[in-house]
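Visitor: Have a look at this fold, sequence not included:
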């Protein structure tokens, strides 16, 4: 039927310079006569784009808590204009498109890592250019801690007898234990609140 293909005998042009290349095809008949060349062009782009940059710290402190684990925002720069950026945290992945300045963000398409195990997680970001070449991965780490701490204990009776009199109502002392070391403890009495920091043994006052 006159159709032809190089299937099984394809061209290796990996060593040629990137840019516009000319494709030429001729045929020789059984008598040895050769046709004029038919030509077209292709563009060779086999260079991987540069690695991306990731803006840190992620979630302002590099730690993802229970309030943040469903919508972790990752952003950065260094992409080619319009490149597809893929961001993943331990296998949970989302894609976005870089703007004309090469900046990118998952805003509106944040990562939900609530099902991952607590601990140190790896954040990875790559870009794919218009030719389909993918950059090496840029990585950083975050810490996932979305487990609520244990309930505290309050030392009672408060003010020795559980009653606050006129001499005590301006400086009611509340103390207890059971906190994580360095945890912020908030104590309130009918909406009147104060905060303190637990000591290394989990005691607070």
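Guide: Yes, it's here. Since we're looking at a predicted model, the values are computed, not measured.
Visitor: Quick one: mean pLDDT for the strand ranked longest in the chain?
Guide: The single longest strand within the chain, with elements called by DSSP state E, is strand 119-128. In this model, strand 119-128 has an average pLDDT of 98.
Visitor: Can you give me the buried ones in that strand?
Guide: 121, 123, 124, 125, 126, 127, 128 (16 or more other C-beta atoms under 10 Å). Heads up, the C-betas are built off the backbone N, CA and C, glycines and all.
Visitor: Including distance to residue 112, could the residues you listed go into TSV?
Guide: Listed next are the buried residues of strand 119-128 as TSV, based on distance: C-beta to C-beta, whole Å:
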residue	distance to residue 112
121	13
123	14
124	16
125	17
126	20
127	22
128	23
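Visitor: Can you list the neighbours in contact with the following helix or strand past the longest strand of the chain?
Guide: Next along the chain after strand 119-128, taking DSSP states H and E as the criterion, comes strand 138-144. By C-beta atoms under 8 Å, 6 or more residues apart in numbering, the residues outside strand 138-144 that reach it are 51-54, 56, 58-59, 62-64, 69, 72, 76, 89, 113, 116-126.
Visitor: In terms of helices and strands, where is the residue lying farthest from the centre of the chain?
Guide: Computed with C-alpha atoms, centre = their mean, the residue of the chain farthest from its C-alpha average is residue 31, at 64.4 Å. Secondary structure assignment for residue 31, by DSSP H and E: no helix or strand.
Visitor: can you list the weak-confidence ranges in the protein?
Guide: The chain contains no residues with pLDDT under 70.
Visitor: And the buried residues of strand 119-128, which is closest to residue 146?
Guide: The closest of the buried residues of strand 119-128 to residue 146 turns out to be residue 121 (C-beta to C-beta; 11.4 Å).
Visitor: Compute the number of surrounding residues for the nearest residue to the closest one once chain neighbours are set aside.
Guide: The spatially closest residue to residue 121, leaving aside those adjacent along the chain, is residue 90, at 4.8 Å (C-beta to C-beta, 6 or more residues apart in numbering). By the criterion of other C-beta atoms under 10 Å, residue 90 has 17 neighbours.
Visitor: any idea how far residue 96 is from residue 90?
Guide: 18 Å (C-beta to C-beta, to the nearest Å).
Visitor: Report the contact partners of residue 151.
Guide: residue 178.
Visitor: mind listing what the residue nearest to residue 121 touches?
Guide: Applying C-beta under 8 Å, 6+ apart, we find residue 90 in contact with 113, 116, 121, 122.
Visitor: now do 10 Å
Guide: 111, 113, 116, 117, 119, 120, 121, 122, 123, 124, 142, 144 (C-beta atoms under 10 Å, 6 or more residues apart in numbering).
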